[in-house]
Structure formats: C-alpha cells, structure tokens
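K.L.:
have a look at this fold, sequence not included:
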DNA sequence: AAAAAAC
C-alpha cells in the first residue's frame, strides 16, 4: 500500500490530508502523482469516486506559491454542481497551506464573484460559460496560471463545449501544466486533448483496479406506455434507500417526478432549467435522505459524488454509451454495491448493444416484477422498519397497549395488522405522462445489410426503418 | 437529437 507520506509533499499538505482522513493512495493517485508532481502533463482515465479530485488537487495546491498574489491553478468542470463539489475538496486539501479556492459558475450573483476574484484566490474552479464571461469583463487574471485541469473532459471536449474550452486555454500562459481527467476516452476526445497538451503521460485505471466495485447491470424490455408502471413496480420491489431515475428530457423529468409524487413516493426532479438555488436544495435534500428518488436529466450524471445511492434506473436509455457509464457510476460508490436497471423499448435494442460494446460487459435481462413481488418488497421493508424500531427505540411506553392488544386478538393478526399499516401498497392512481418517442432504430451489424436494401427501396422513408430494428 | 453552459 502506497501512502501519501511516500511522496515528497509539503508538511502542510500532509497535515490537511491527515485531517480529511486520506492516508493511503488510490490507484489513480498512486500512478499519476509521480508525473504530476514532476510537472508533466497527464491524460488520466478513471471514474469519479476513484480519488480523481485529490489526484489533481494535490499537485495543484503543491504548485501554488502563497507569495504570488494571483490565481495559479484553474479547474474547468462541465456542471455547476461539480464545480462546487471540486472547490470544496480543494479547499480542504489547501486548508493548512492557507490556499484560497473560489468557485465561479453561472446562476450566481456576478458582482459577488467579481469582489471575490479581486482578492486573487490562488485556485479558481469554474464552469466554461461564466469563466469566459469573467475573462471578457477582465475581472479575472489568468496570466499567472501554472496548472490547469479539465475535469470530466469527455464532456468538456464535446461538440458545443469545445469552442469555449479552446477560447479559455488560448488565454492561458503557454508555459503551463495541463491535466485532463475523464471517465471515458473515445478516440475523438483523445485526439482533441492532444492538441492542448505537451507530451502527456497516459494513465488508465482498468475497471478491476477501480475502487468502484461491481455494479449489477440489468436491462428490461418494456414498451413506452408501460414504462411508468414498470418503474413503480421496481421501486416497490427493490425498495431502494436512495435511487436516481434518469430521464431523457427536462419535460420528462418534470412529469416523472410529479407522477411519482402522486403515487406516494418522495421524489423530486433536477435539471438545467431549474434555478441554481432549486438545484442545490434538491441535491441537498437527496444527500440528507429527505428524498428517496431523485429524477434527473444528465445534469446529474457526471461527477457528482453522492454516497449511498443504491439503485439507478435508466427510465430512458441514453443515446450515448458514455452517458450510460456516467449515469450508472452514481451508484456502487465507496465500497458499496449498486444496481442499475435500464429500460429499453423494443426498437432501442441496438443502443443496448452499443452500450455493452463500450462497457465491455453484458447486461442481464430481467422482467418487470409482478404485483406479488412488488407487495413482497414493501412487506420486507415494513418488517425491516419493525426490526429497526425494536433495536433502536425505547418501547417501554408502548408495552401496556401491546399487551392489551395481544390479550384481545390473535398475535399473528395483531402483527399482520401492524405490517399492513406500515406497508405502502401498490398505488394505481392514474397519472399523466407525455408520450416520448423511442429513439430511432439503430441498425446493428446483423440487420444492416437488409436495412440498406430496404432504405434504397423506399428511398429513405422513415417508417420502413422501424421494421429493421434489432431483435433479441 | 438532448443536455449542459452566460447574461
């Protein structure tokens, strides 16, 4: 086991790491620190939850010089929530070195940020849009940046984002260290990344080396119109402690969280159209356990470290395999096991194949739980509640009433009644959910030949393509 | 084609 003490780190950083409780390195830290501390560029592939933030945070804090009154480290993150989370962790790592860390992101009062930037924090963590805004206003000084990090880089270098990133990187000193981290590494992203970097060292944490343990991956074939009832069956059967349901669009997320609330689940939605205050409060409630089900677009797919998520349901299969990897990475963290269930409309089977190709793992097919199984799941939960109440509470105040009940009725009947009252019975309240078109059929290798022929035959008429959807 | 990201 390699420890942080084995590296040549400043005493102040070792002190902070000790306070956080970091002693042994994770694989990504062990393999990247020798290069990053030596000033080399790095392209690192690892999931979140593997200690990535400390892997770049330690060299970044190490590199800052308290005597220089200007930002020296810059982290760019794809979502606001991730920027906040990263800045909090960097703050902890830099605490004893007295390194100031500032997060700048959209949706927050810009005047407040400008005042904070005037104090010249040593490290800035930001989202691309707001960072550019500050650069144009000349309210941020990036002339002394010595080390820059692109976090969740596959997302950052995607179409649409790339121009922003390029514009930011162009304004940074050429004499700098660039670290790039990403959970997935498509060839296209790798090529783009190389343009910004100098002789980078590639570090890849293979999945068996990841501290992220096994996530059991399943898929269920279900028609669009049956999806919602299927979801509630799964929620009842699994009775997850904390679950995330991913939907494809913002409207979908609104409708789903509303529908789940109507059926008696404590659910709330999160997506990019909500105010930043609302986004943060939903996330906080979820982290505190005051919401059982978080319904989300891909805004919540990347990088967020929420511990204790037991189940991920992909209500809609993601279009990009990379997105799938990020989504299921929200569960099975910090040594816990996790379960991911992906809903697939029959004609979307081609996407499932693509995802499996990317992850290198097969998903096991399961069926929608039966009504009986759903009820059993809720009864199991009720029994757990009773067990917990017995071991955790002082029940002396209830003894007399309990004895009275038992003297009047059959003991099994008394307990059955208590169980019934504690069991959430399947709710069939009708709910409104707009019809979401399944993704267009994706041609798989098996049926490609025929589909090309058919396409020619009908001169590209869309409805014919449906017939060529993959079968499984 | 959707989502994220600036006002």
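P.N.:
Structure's in. What do you need? Since the model is a prediction, treat every value here as computed from it, not as a measurement.
K.L.:
so residue A:155 makes contact with residue A:77?
P.N.:
No. At 9.1 Å, residue A:155 and residue A:77 do not qualify as touching, with contact defined as C-beta atoms under 8 Å. Just so you know, the C-beta spots here come from the backbone N, C-alpha and C atoms, and that holds for glycine as well.
K.L.:
these two: who's more crowded?
P.N.:
A direct count of neighbours by other C-beta atoms under 10 Å for residue A:155 and residue A:77 places residue A:77 higher, at 27 against 24.
K.L.:
now do that one against DNA strand B, distance only.
P.N.:
To DNA strand B, residue A:77 is 8 Å away according to C-beta to the nearest atom of the strand, to the nearest Å.
K.L.:
tell me the contacts of the closest residue to that residue other than its chain neighbours?
P.N.:
Nearest-residue entry for residue A:77: residue A:83, 4.3 Å, with adjacent residues in sequence omitted and distances by C-beta to C-beta, 6 or more residues apart in numbering. Neighbour list for residue A:83: A:75, A:77, A:103, A:104, A:105, A:125, A:126, A:127 [criterion: C-beta atoms under 8 Å, 6 or more residues apart in numbering].
K.L.:
among those residues, who's most crowded?
P.N.:
These, ranked by neighbours (other C-beta under 10 Å): first place residue A:125, 29 neighbours.
K.L.:
helices or strands up against the helix or strand where that one lies?
P.N.:
According to DSSP states H and E, residue A:125 maps onto strand A:123-126. Packing partners of strand A:123-126 (3 or more C-beta pairs under 8 Å, 6 or more residues apart in numbering; DSSP states H and E): strand A:73-76, helix A:80-93, strand A:101-104.
K.L.:
and the residue of chain A nearest DNA strand B?
P.N.:
residue A:129 (2.1 Å; C-beta to the nearest atom of the strand).
K.L.:
quick one, phi/psi of that residue?
P.N.:
Residue A:129 adopts backbone torsions of phi -60, psi -50, taken as degrees, to the nearest 10.
K.L.:
settle this for me: it is touching residue A:106, isn't it.
P.N.:
Yes. Here residue A:129 reaches residue A:106: they are 5.4 Å apart, a contact under C-beta under 8 Å.
K.L.:
what does the helix or strand harbouring residue A:237 rub up against?
P.N.:
Here residue A:237, judged by DSSP H and E, is contained in helix A:227-238. Helix A:227-238 is contacted by residues A:220, A:222, A:243, A:245, A:256, A:259-260, A:263, A:265, A:293, A:310-311, A:313, A:315, A:339, A:341, A:343, A:368-371, A:373-378, A:424, A:426-427, A:431, A:433 when judged by C-beta under 8 Å, 6+ apart.
K.L.:
now these: which count as buried?
P.N.:
A:220, A:222, A:243, A:245, A:256, A:259-260, A:263, A:265, A:293, A:310-311, A:313, A:315, A:339, A:341, A:343, A:368-369, A:373-378, A:424, A:426, A:431 (16 or more other C-beta atoms under 10 Å).
K.L.:
picking up where we left off before, from residue A:315, how far off is the residue nearest to residue A:77?
P.N.:
27 Å (C-beta to C-beta, to the nearest Å).
K.L.:
check contacts around residue A:35.
P.N.:
A:42, A:201, A:203.
K.L.:
and DNA strand B, which of these contact it?
P.N.:
Among the contacts of residue A:35, proximity to DNA strand B is found for none (C-beta under 7 Å from any atom of the strand).
K.L.:
please report which of these has the highest neighbour count.
P.N.:
Of the contacts of residue A:35, with other C-beta under 10 Å as the count, residue A:42 tops at 24 neighbours.
K.L.:
that one reaches residue A:31, doesn't it?
P.N.:
No. Contact criterion C-beta under 8 Å: residue A:42 and residue A:31 do not qualify, at 9.4 Å.
K.L.:
got any residues that touch both of these two?
P.N.:
Contacts common to residue A:42 and residue A:31, judged by C-beta under 8 Å, 6+ apart, are residue A:203.
K.L.:
can you give me every residue that contacts residue A:295?
P.N.:
Residue A:295 neighbours (C-beta under 8 Å, 6+ apart): A:244, A:245, A:246, A:247, A:253, A:256, A:257, A:260, A:267, A:268, A:269, A:270.
K.L.:
how about these in a markdown table, adding distance to residue A:59, pLDDT and secondary structure?
P.N.:
Output for the contacts of residue A:295, formatted as a markdown table (distance: C-beta to C-beta, whole Å; pLDDT from 0 to 100; DSSP: H, G, I helix; E, B strand; the rest coil):
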| residue | distance to residue A:59 | pLDDT | secondary structure |
| --- | --- | --- | --- |
| A:244 | 32 | 95 | strand |
| A:245 | 37 | 96 | strand |
| A:246 | 34 | 96 | strand |
| A:247 | 38 | 95 | coil |
| A:253 | 38 | 95 | helix |
| A:256 | 42 | 95 | helix |
| A:257 | 40 | 95 | helix |
| A:260 | 43 | 95 | helix |
| A:267 | 41 | 96 | strand |
| A:268 | 38 | 95 | strand |
| A:269 | 38 | 95 | strand |
| A:270 | 32 | 94 | strand |
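K.L.:
per-residue pLDDT, the residue most central in space within chain A?
P.N.:
The centroid of chain A falls nearest to residue A:301 when counting by C-alpha atoms, centre = their mean (3.5 Å). Here, the pLDDT recorded for residue A:301 equals 82.
K.L.:
pretty sure it sits against residue A:326.
P.N.:
Yes. Here residue A:301 reaches residue A:326: they are 4.3 Å apart, a contact under C-beta under 8 Å.
K.L.:
can you list the residues of the stretch 151-300 of chain A near DNA strand B?
P.N.:
A:158-161, A:164, A:248-252, A:271-273, A:297-299.
K.L.:
show me where pLDDT drops low in chain A?
P.N.:
A:206-213, A:303, A:333-335, A:443-472 (pLDDT under 70).
K.L.:
ok, longest helix in it?
P.N.:
helix A:371-392 (DSSP state H).
K.L.:
distance from the chain centre to that one, please.
P.N.:
29 Å (C-alpha atoms, centre = their mean, to the nearest Å).
K.L.:
what's it in contact with?
P.N.:
A:232-233, A:236-239, A:369, A:395, A:418-419, A:422-426.
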